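S.K.: next comes the sequence, and after it the predicted model I'd like to discuss.
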Amino acid sequence: MLESEEAARRLGVKLPTLYAYVSRGLLVSHPSEDSRRRLFDVDDVEQLARRSRGGRRVESRLASVTTGITQIREDGPYYRGRPVTELASGPPFEDVADLLWRAGPAPKDWSPTRLPRPPTLETSDLLKWVTVLCGARDRFRSDLREELVLRSARRLIATLVHTLPHSTTDAPSAGAAEATAAGAGATAAGLARHLVPTPMPVATRAELDRTVNTALVLLADHELATSTVAVRVAASTRADLYDAVLAGLGTLAGPLHGGASQRAHALLVSAERDGVDRAINECLRWQRVLPGFGHTVYKTGDPRVAPLLACFERLARRDQRALVSSLVESARDHDVPAPNVDLALASIAWATRMPTDAGRTIFTIARIAGWTAHYIEELGERPLRFRARAVYATTG
């Protein structure tokens, strides 16, 4: 319940006008324990505020963010005016990062920072550990000139990939030339060797590198996703890039954001073990939703799915392709929304026997490129502009 002053403030009127609304039957006031005060239902006030056409404008609760980085259309995201579904089969991730950053033609340094031997941690915690240490070793991290921020971003991404454990028989540096020739840069090649460290034929390794590169490009940015907003809020306080990335990592840690593909991976494992229909039924029984299906933005289907499923088709066995196809068809028959990028990412991880958190790892490395672009863009705005509008309500 709202007190009179808060209700009037939310409506953008003075107290006498609020009481006039009550006398005209537009609002209902309720008694409180203190007979001198009246209370108003939050939903009633919000409904009247939406209906109001005259008088003062009601103050917005969120800052409007004007961005020139990514535009989401029906056919998918566009990075600086270029469709991501086309970029996904083209340049290496590093070039797409430069596109998001509007980086000039100067030589790019993607060399990692030397760090001590990392502790044994879960991958998501290891990425935070690397970010903290990279920031601690950057002597001029508070210099927010764009060229220095971009240099820090490149080194951070390279260090994150370099620090991840790899197979000793198939090191990240091995096959770098083949990866570049195949259209995948060092970031994708190094990440692929962490996710699938076992030796494999050169052609298969090149296909895996291209697949990881495609995923990195598709996931690099998605406009004002929750973690990106967290990064922009940190940037508005003029936090340095490393602290802003940590804000994004903390938000990405939620199972409904960065961890979504891991839940979709569990669905695939269950379908392989118990059968598609039983896996779907059990998932709906306990989770009420089917992970990897539906999207709040794309109502008719996530356009990023097709490029990733094409990669999955090239890497998966026939029985694996049949299982994913059966899963999608069964979900469609039960009026479940179309699959999203999390299912496509999980399918690749499941088919190639990547770790169960592989989707989160790819998502994190990719999204740092987008976060950096938004971080730089936010530095051009007035500081401290994000302050949510609170509506104080009493309970009882």
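M.R.: Looks like it came in fine. Numbers count the residues shown, from 1 in each chain.

S.K.: how about low-confidence regions in the stretch 51-200 of the chain?
M.R.: 52-63, 167-183 (pLDDT under 70).

S.K.: that one: strands as residue ranges?
M.R.: Taking DSSP state E, counting those that start in this stretch to define them, one finds strands in the stretch 51-200 of the chain at 70-73, 76-79, 82-83.

S.K.: could these be laid out in TSV, adding mean neighbour count and distance to Pro165?
M.R.: Using the backbone N, CA and C atoms, a C-beta is placed for each residue, glycine as well. As requested, these are exported to TSV (neighbours: other C-beta atoms under 10 Å; distance: least, C-beta to C-beta, whole Å):
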stretch	mean neighbour count	distance to Pro165
strand 70-73	16	32
strand 76-79	22	31
strand 82-83	14	34
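
S.K.: in a markdown table, list those strands along with distance to Leu224.
M.R.: Shown next, in a markdown table, are the strands of the stretch 51-200 of the chain (distance: least, C-beta to C-beta, whole Å):
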| stretch | distance to Leu224 |
| --- | --- |
| strand 70-73 | 9 |
| strand 76-79 | 12 |
| strand 82-83 | 19 |
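
S.K.: out of those strands, nearest to Arg318?
M.R.: Of all the strands of the stretch 51-200 of the chain, strand 76-79 sits nearest to Arg318, with 28.9 Å by C-beta to C-beta.

S.K.: quick revisit: among the strands of the stretch 51-200 of the chain, which is nearest Ile348?
M.R.: Between Ile348 and these, the shortest separation by C-beta to C-beta is 18.2 Å, and it involves strand 76-79.

S.K.: gap between the closest one and the chain center?
M.R.: 14 Å (C-alpha atoms, centre = their mean, to the nearest Å).

S.K.: contacts for it?
M.R.: The list of residues contacting strand 76-79 from outside it, by C-beta atoms under 8 Å, 6 or more residues apart in numbering, reads 69-72, 83-85, 87, 96, 99-100, 220-223, 302-304.

S.K.: for the residue nearest to Met1 when sequence neighbours are not counted, give its distance to Ala8.
M.R.: The shortest distance from Met1 to any non-neighbouring residue, by C-beta to C-beta, 6 or more residues apart in numbering, is to Leu39 (4.0 Å). Distance, Leu39 to Ala8, by C-beta to C-beta, to the nearest Å: 13 Å.

S.K.: cool, Pro291 as well?
M.R.: With C-beta to C-beta as the criterion, Pro291 and Ala8 are 44 Å apart.

S.K.: between these two, which one's more packed in?
M.R.: More crowded of Pro291 and Ala8, by other C-beta atoms under 10 Å: Pro291, with 23 against 20.

S.K.: thought Arg353 was touching Val196?
M.R.: Yes: using C-beta atoms under 8 Å, Arg353 is in contact with Val196, at 7.0 Å.

S.K.: these two: which is more packed in?
M.R.: Val196 (22 against 10).

S.K.: quick one: the more buried one from Met354, how far?
M.R.: Val196 is 6 Å from Met354, by C-beta to C-beta.

S.K.: same question, Leu39
M.R.: Leu39 is 55 Å from Met354, where distance means C-beta to C-beta.

S.K.: for Leu256, phi and psi?
M.R.: phi -90, psi 0 (degrees, to the nearest 10).

S.K.: same check on Glu377?
M.R.: Residue torsions, per degrees, to the nearest 10, at Glu377 are phi -60, psi -40.

S.K.: what does Phe293 give?
M.R.: The phi/psi pair for Phe293 (degrees, to the nearest 10) is phi -130, psi 140.

S.K.: now the strands for the stretch 201-350 of the chain?
M.R.: Here the stretch 201-350 of the chain has no strands by DSSP E, counting those that start in this stretch.

S.K.: buried subset of the contacts of strand 76-79?
M.R.: The neighbour-count criterion (16 or more other C-beta atoms under 10 Å) marks 69-70, 72, 84-85, 87, 96, 99-100, 220-223, 302-304 among the contacts of strand 76-79 as buried.

S.K.: distance check, the nearest residue to Ala271 once chain neighbours are set aside against His265.
M.R.: Leaving aside its sequence neighbours, Ala271 sits nearest to Ala279 (C-beta to C-beta, 6+ apart; 3.9 Å). Distance, Ala279 to His265, by C-beta to C-beta: 12 Å.

S.K.: same check, this time on Val328
M.R.: From Val328 across to His265, the span is 15 Å (C-beta to C-beta).

S.K.: comparing these two, which residue is more hemmed in?
M.R.: Neighbour tally, Val328 and His265, criterion other C-beta under 10 Å: the higher count belongs to His265, 27 against 20.

S.K.: tally of neighbours for the nearest residue to the more buried one once chain neighbours are set aside?
M.R.: Distance criterion C-beta to C-beta, 6+ apart; nearest residue to His265, sequence neighbours excluded, is Ala346 at 4.1 Å. Neighbour count of Ala346, defined by other C-beta under 10 Å: 30.

S.K.: contact partners for Ala346?
M.R.: By C-beta under 8 Å, 6+ apart, Ala346 lies in contact with Ser261, Gln262, Ala264, His265, Leu267, Leu268, Gly292, Gly359.

S.K.: change it to 10 Å
M.R.: Shown in contact with Ala346 (C-beta atoms under 10 Å, 6 or more residues apart in numbering): 260-269, 291-292, 308, 312, 324, 339, 354, 356, 358-359.

S.K.: same thing with Asp240?
M.R.: Counting by C-beta under 10 Å, 6+ apart, Asp240 touches Gly135, Asp138, Phe140, Arg141, Ser142, Asp143, Leu144, Val149, Ser152, Ala234, Leu246, Tyr375.

S.K.: for Arg141, same thing?
M.R.: Applying C-beta under 10 Å, 6+ apart to Arg141 gives the contacts Cys134, Gly135, Leu148, Val149, Ser152, Ala239, Asp240, Leu241, Tyr242, Asp243.
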